[in-house]
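*Asks:* Generate coordinates for the sequence data below:
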Amino acid sequence: MLVTSRISTLTLQVAKQAVRVAGQRQATLTAVRRRGNVSVRSIQSVAQTDRDTITRLLYSIGTKRESQPAKFAVIKVGGAVLDQIDELALSLSFLYRVGLYPVVLHGAGPQLNGIIESEGVIPDYIDGIRVTDAKTLQIARRVFLEQNLKLVGALEKLGTRARPITSGVFTADYLDKEKYRLVGNITRVDKRPIEASIRAGALPILTSLAETPDGQILNVNADIAAGELAKELEPMKIVFLNEKGGMFHGITGEKLDVINLDEEYEQLMKEPWVKYGTKLKLREFKELLDHLPRSSSVAVISADNLQRELFTDSGAGTLIRRGYRLFKHNSIESVGADRFRQVIHDRDPEVQSGVSSVTSVLSDLQKIPYTIYGDEPLDAVAIVTHPEGEVPVMTKLLASRSGVLNNVVDNVFNAIKKDHRKLFWTAKVDDDNRSWHFERADGSFTRAGKSLFWYGVQDVAEVQKIVKDFEAKGRLERAYLPVGPSAPPQRAFPGATRSYSTLARRQIPSGSRGYATAVTSQPTSTEPKRLALIGARGYTGQALTSLLSGHPYIDLTHVSSRQLAGYPLQEYKKSSITHSNLSVEDVERMEKDGEVDAWVMALPNGVCKPFVDAIDRGAKVRSSGESSVIVDLSADYRFESGWKYGLPELYGRDGIRKSKRISNPGCYATSTQLLIAPLLKYVNNLSGPTVFGISGYSGAGTVAGTNDADGKPTTVPKVTPESLAGGFRPYSLTDHIHEREAGRHLTSLLADPTNPMKVAFIPSVGPWFSGIISTLSVPLSEKALYEEKYGGEKLIHVKAGVPGLSDIENKHGWTVGGFQVHSEGDRAVVVGGLDNLLKGAATQCLQNLNLALGYDEYDGIPID
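*Replies:* So this is what the prediction gives:
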């Protein structure tokens with residue numbers, strides 16, 4: 001699901017806003033890790049402090065000491081989930097340990113079916129409801145009690161107090177005695193036993209059995225019982241756990257991320273695949289949500305996603321909410337002029353930055369046919385212009401936070417797709433939701449920080465024709481088109497609401513200039529490719545998965561980590577991926593069967609070879625006869641003649657495009673070579689250049705840390721900032737591997753390669769997280785050489801001053817500057833820098849992958 005923010009540092013404001021009524025799909029807690037400048041590469045040393053803060057906050061919003069102790073969550077556990085009782089018990093125990101007391105109600109359908117079938121009774125259902133005779137009820141009571149005590153026992157084993165409540169909560173009449181026999185219709189919920197359990201410090205564990213006023217036991221569908229319980233308690237969260245982890249389309253098999261009942265219920269109930277239990281669930285969910293505030297929602301998820309659902313923006317599984325019906329109008333007046341003006345005023349970044357105004361936006365709309373799409377509360381509003389005979393353009397897509405979190409944006413976009421077979425729209429590369437655009441586009445073009453997207457057009461010549469027409473008629477701002485000059489950067493204003501698109505339709509004169517597609521003239525591919533990553537635990541693996549989340553064509557399908565096997569990959573947003581532990585045999589089989597198109601090895605030095613050998617063996621018997629691409633991030637193959645050394649800015653791109661085996665350069669070695677290369681003909685090779693490099697402590701790598709509260713393995717820095725005491729630590733003062741690496745490859749650029757280049761390199765580690773600053777000392781007197789050498793490179797920046805940490809940390813390129821010559825003219829000093837996890841590793845890896853797989857070199861890479 002698309003979200004505007006992920007887990008972030010706790011603040012007082014978050015604490016005040018942490019409680020939301022009845023399961024609203026907003027962050028009950030936005031905590032755990034900083035996701036700002038350090039992206040996914042969190043500093044583990046603050047984890048304990050964060051954990052303590054989380055515990056105090058959660059205790060304050062859900063503790064048994066509240067005047068209404070059962071307000072936190074109602075969790076309905078499907079019978080099949082009870083077969084995963086250890087996972088369920090761990091999740092519930094975590095809540096208990098931080099002072100939260102969810103009300104748990106469980107079913108036992110699969111267990112009951114197994115027993116009654118073994119005793120010769122055939123289960124009978126009418127409209128998804130189990131027909132319950134006396135014998136079935138007798139078995140049901142026994143099974144419910146056994147499963148209830150089983151869950152209570154699993155919790156107690158973990159030190160979590162739990163109380164079995166198998167009667168006394170639900171009062172019922174017969175639903176239809178003649179039709180369903182001993183099945184109840186709940187008429188009253190007594191919450192006193194639940195509250196007594198919580199006040200006694202025990203989780204209440206309920207069954208769905210009810211009693212008549214005369215004491216007759218009746219069977220009640222557990223979903224229905226959970227709904228009635230939620231109506232009475234009105235908890236913050238309503239969660240239904242099933243073994244599938246959501247609700248799924250009965251024909252396509254796709255998971256339904258969000259169901260908006262007001263818009264979709266009637267049509268869903270007519271679908272042929274919606275029957276029996278699914279129809280009953282939808283009916284009960286609608287009845288429940290009709291009873292609760294409109295902001296309420298129900299989540300259907302798996303047990304292992306319980307904490308994600310309760311404590312993060314993103315949620316999991318299927319979200320069911322009432323939502324609102326969508327509209328489309330061809331005039332502002334039909335929407336409501338004042339309401340529409342307010343949306344433009346509050347959400348349009350160009351209006352907020354002063355580039356445009358509400359009046360100019362409304363005035364432009366009067367010049368061209370348009371349709372406004374949205375929902376009743378205007379949580380998502382889109383404007384599509386569609387002159388007769390021309391391709392439609394979505395000029396605005398403005399969403400509130402609620403519109404994003406509740407997937408109203410997706411509903412609006414789907415409504416547009418129903419009306420328009422082709423569509424173009426724009427977004428800036430710093431858009432927080434950039435991956436959303438790539439996922440919905442058939443093609444895109446990015447230039448100077450601006451991206452043009454489209455769907456419904458597959459032919460490049462047609463794209464070119466449409467773009468030229470847009471330029472000629474001024475339908476899109478030229479800065480977004482693959483022609484003309486770049487637009488100046490937009491000013492940022494505090495408090496501005498980020499929209500999906502920052503387009504303003506402005507009339508700009510244009511000439512007839514050609515369709516430019518990239519820095520190079522090489523044709524590029526848009527064919528989707530599959531990638532497997534082996535070794536995702538370290539900082540580089542995390543940085544790479546985050547980059548791949550925004551790649552328009554590469555899909556990460558396998559992530560292997562021995563320590564994290566079985567845990568979900570949180571940094572990747574395009575699809576749900578669970579870490580695996582691929583063996584050498586698994587890799588060989590996958591290569592043989594053609595399961596992936598490329599491999600990235602993010603393993604420590606000396607570990608990669610068995611996996612590469614397995615890929616080589618699998619490739620030999622692959623039916624296509626063509627091997628997958630391998631990019632190795634370690635030093636294992638940087639000195640092998642059969643591997644292409646992947647530094648595109650120095651050693652050419654054609655070789656990488658043709659290669660299947662690419663060694664990714666080291667971080668220090670990248671900066672060192674980029675510093676020295678323009679000066680090679682001036683270097684006195686008898687003494688050679690000297691480079692002094694200082695890297696953030698992430699460059700030293702990670703070691704295994706203690707498991708977190710959920711038992712998940714963690715990593716911590718091998719060198720901590722505390723151990724440096726605010727200073728630097730020199731290391732490997734001679735014979736560093738990057739010294740030999742830089743000298744070997746620079747030699748290939750010399751006029752006389754028989755006289756090898758020698759480089760002296762002295763590394764140090766500093767107390768910041770990431771970023772390398774390299775200082776070169778070498779005889780030289782011409783700065784212009786750098787501008788000539790790298791003038792056309794998108795990821796290389798030449799500046800006058802000395803690059804600082806702010807120029808390189810979290811940036812995807814390499815920056816050089818601070819050129820100075822000694823007063824005697826015999827020595828020059830130049831300073832260069834890069835982020836060791838990005839241009840020094842992950843970004844460079846993605847450059848090499850793009851080239852080897854036929855994509856544009858910069859696809860998926862934000863251009864700084």
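*Asks:* The helix or strand where residue 198 lies packs against which elements?
*Replies:* Using DSSP states H and E, residue 198 sits within helix 192-199. With contacts defined as 3 or more C-beta pairs under 8 Å, 6 or more residues apart in numbering; DSSP states H and E, helix 192-199 has these neighbours: strand 162-165, strand 203-206. Bear in mind the C-beta positions are built from the backbone N, C-alpha and C, glycine included.
*Asks:* who touches the first one?
*Replies:* The set of residues external to strand 162-165 that reach it, using C-beta atoms under 8 Å, 6 or more residues apart in numbering, is 145, 148-149, 151-152, 155-156, 193-194, 197, 200, 202-207.
*Asks:* Neighbouring strands of that strand in the sheet, and parallel or not?
*Replies:* The pairing partners recorded for strand 162-165 under DSSP bridges are strand 203-206 (parallel).
*Asks:* State the next helix or strand along the chain beyond the partner strand.
*Replies:* Next along the chain after strand 203-206, taking DSSP H and E as the criterion, comes strand 210-211.
*Asks:* Burial check on residue 817, number of neighbours?
*Replies:* Residues lying near residue 817 (other C-beta atoms under 10 Å) number 19.
*Asks:* does residue 299 sit in a helix, a strand or a coil?
*Replies:* When classified by DSSP: H, G, I helix; E, B strand; the rest coil, residue 299 comes out as strand.
*Asks:* I'd say it and residue 241 touch.
*Replies:* No - applying C-beta atoms under 8 Å, one finds residue 299 not in contact with residue 241, separated by 9.3 Å.
*Asks:* Need the nearest residue in space to residue 731, chain neighbours excluded.
*Replies:* Sequence neighbours aside, residue 763 is the residue nearest to residue 731 in space, at 6.2 Å (criterion: C-beta to C-beta, 6 or more residues apart in numbering).
*Asks:* which SS class is the one you found?
*Replies:* Quick answer, by three-state DSSP: residue 763 is strand.
*Asks:* How many neighbouring residues does it have?
*Replies:* 22.
*Asks:* contacting residues around it?
*Replies:* Contacts of residue 763 (C-beta under 8 Å, 6+ apart): 668, 693-695, 730-732, 736, 738.
*Asks:* what is the mean pLDDT for the helix ranked longest in the chain?
*Replies:* Using DSSP state H, we find that the single longest helix of the chain is helix 134-157. When pLDDT is averaged over helix 134-157, the result is 94.
*Asks:* And stretch 808-824, by the same measure?
*Replies:* The model assigns stretch 808-824 a mean pLDDT of 84.
*Asks:* which secondary structure element contains residue 739?
*Replies:* helix 737-747.
*Asks:* Now find how far off-centre that helix is within its chain.
*Replies:* 37 Å (C-alpha atoms, centre = their mean, to the nearest Å).
*Asks:* Bridged to residue 630, which residues?
*Replies:* Under the criterion used (DSSP bridges), residue 630 bridges to residue 599, residue 661.
*Asks:* Quick check, central residue of this structure?
*Replies:* residue 573 (2.3 Å; C-alpha atoms, centre = their mean).
*Asks:* Am I right that that residue is in a helix?
*Replies:* No - going by three-state DSSP, the assignment for residue 573 is coil, not a helix.
*Asks:* how close does it sit to residue 777?
*Replies:* 44 Å (C-beta to C-beta, to the nearest Å).
*Asks:* Could you do residue 736 as well?
*Replies:* 17 Å.
*Asks:* With neighbour numbers in mind, choose between the two.
*Replies:* Legend: neighbour count by other C-beta under 10 Å for residue 736 and residue 777, higher for residue 736 (20 against 15).
*Asks:* So what's the residue count around the nearest residue to the more buried one once chain neighbours are set aside?
*Replies:* Closest residue to residue 736 apart from its sequence neighbours, by C-beta to C-beta, 6+ apart: residue 761 at 5.4 Å. Using other C-beta under 10 Å, residue 761 is surrounded by 25 other residues.
*Asks:* and residue 730, what does it touch?
*Replies:* Per C-beta under 8 Å, 6+ apart, neighbours of residue 730: 762-764.
*Asks:* Show me the beta-bridge partners of it.
*Replies:* residue 764.
*Asks:* doesn't residue 276 make contact with residue 128?
*Replies:* Yes - using C-beta under 8 Å, residue 128 is in contact with residue 276, at 4.5 Å.
*Asks:* more neighbours, the two?
*Replies:* Using other C-beta under 10 Å as the criterion, residue 128 and residue 276 rank with residue 128 on top: 16 against 12.
*Asks:* wouldn't residue 103 be in contact with residue 194 here?
*Replies:* Yes - under the criterion of C-beta under 8 Å, residue 103 makes contact with residue 194 at 5.7 Å.
*Asks:* More neighbours: those two, which one.
*Replies:* Taking other C-beta under 10 Å, residue 103 and residue 194 do not tie; residue 103 has more neighbours (28 against 25).
*Asks:* for the more buried one, phi and psi?
*Replies:* Backbone torsions for residue 103, taken as degrees, to the nearest 10, come to phi -90, psi 120.
*Asks:* give me every residue that touches it.
*Replies:* Contacts of residue 103 were listed using C-beta under 8 Å, 6+ apart, and they are 70, 73-75, 194, 204, 206, 229, 233, 235.
*Asks:* Tell me the bridge partners for it.
*Replies:* With DSSP bridges as the rule, residue 103 is bridged to residue 74.
*Asks:* distance between the ends of stretch 231-243?
*Replies:* 25 Å (C-alpha to C-alpha, to the nearest Å).
*Asks:* Quick check: buried residues in that stretch?
*Replies:* Applying a neighbour-count criterion of 16 or more other C-beta atoms under 10 Å, the buried positions in stretch 231-243 are 231-242.
*Asks:* Check stretch 131-151 too.
*Replies:* 132, 136-137, 139-141, 143-144, 147-148, 150-151.
*Asks:* Same question for stretch 795-813.
*Replies:* 795-798, 802-803, 805, 807-813.
*Asks:* Go through these and flag which are in strands.
*Replies:* Within the buried residues of stretch 795-813, residues falling in strands by DSSP state E are 796-798.
*Asks:* where does residue 168 land in three-state SS?
*Replies:* coil.
*Asks:* And for residue 830?
*Replies:* When classified by three-state DSSP, residue 830 comes out as strand.
*Asks:* Bridge partners for the spatially closest residue to it that is not a sequence neighbour, pull those for me.
*Replies:* In this structure, residue 830 finds its nearest non-sequential neighbour in residue 776, 4.7 Å apart by C-beta to C-beta, 6+ apart. Going by DSSP bridges, residue 776 is paired in beta bridges with residue 691, residue 830.
*Asks:* what's residue 776 in contact with, if anything?
*Replies:* Contacts of residue 776 (C-beta under 8 Å, 6+ apart): 672, 675-676, 689-691, 829-832.
*Asks:* try 10 Å this time
*Replies:* With contact taken as C-beta atoms under 10 Å, 6 or more residues apart in numbering, residue 776 is in contact with 671-672, 674-676, 679, 689-693, 759, 816, 818-819, 828-832.
*Asks:* could you dump the longest helix of the chain to CSV, C-alpha only?
*Replies:* Taking only C-alpha atoms (Å, rounded to 0.1, in the frame of the first residue of the first chain), the coordinates of helix 134-157 have been written out as CSV:
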residue,chain,number,x,y,z
ALA,A,134,-26.9,-31.0,18.9
LYS,A,135,-24.1,-33.3,18.1
THR,A,136,-22.2,-30.6,16.2
LEU,A,137,-22.7,-28.2,19.1
GLN,A,138,-21.4,-30.8,21.6
ILE,A,139,-18.2,-31.2,19.5
ALA,A,140,-17.9,-27.4,19.0
ARG,A,141,-18.0,-26.7,22.7
ARG,A,142,-15.2,-29.2,23.3
VAL,A,143,-13.1,-27.9,20.4
PHE,A,144,-13.5,-24.3,21.4
LEU,A,145,-12.5,-25.0,24.9
GLU,A,146,-9.4,-27.0,23.8
GLN,A,147,-8.3,-24.3,21.3
ASN,A,148,-8.9,-21.6,23.9
LEU,A,149,-6.8,-23.3,26.5
LYS,A,150,-4.1,-24.0,23.9
LEU,A,151,-3.8,-20.3,23.1
VAL,A,152,-3.9,-19.3,26.8
GLY,A,153,-1.2,-21.9,27.6
ALA,A,154,1.0,-20.7,24.7
LEU,A,155,0.8,-17.1,26.1
GLU,A,156,1.4,-18.2,29.7
LYS,A,157,4.5,-20.1,28.5
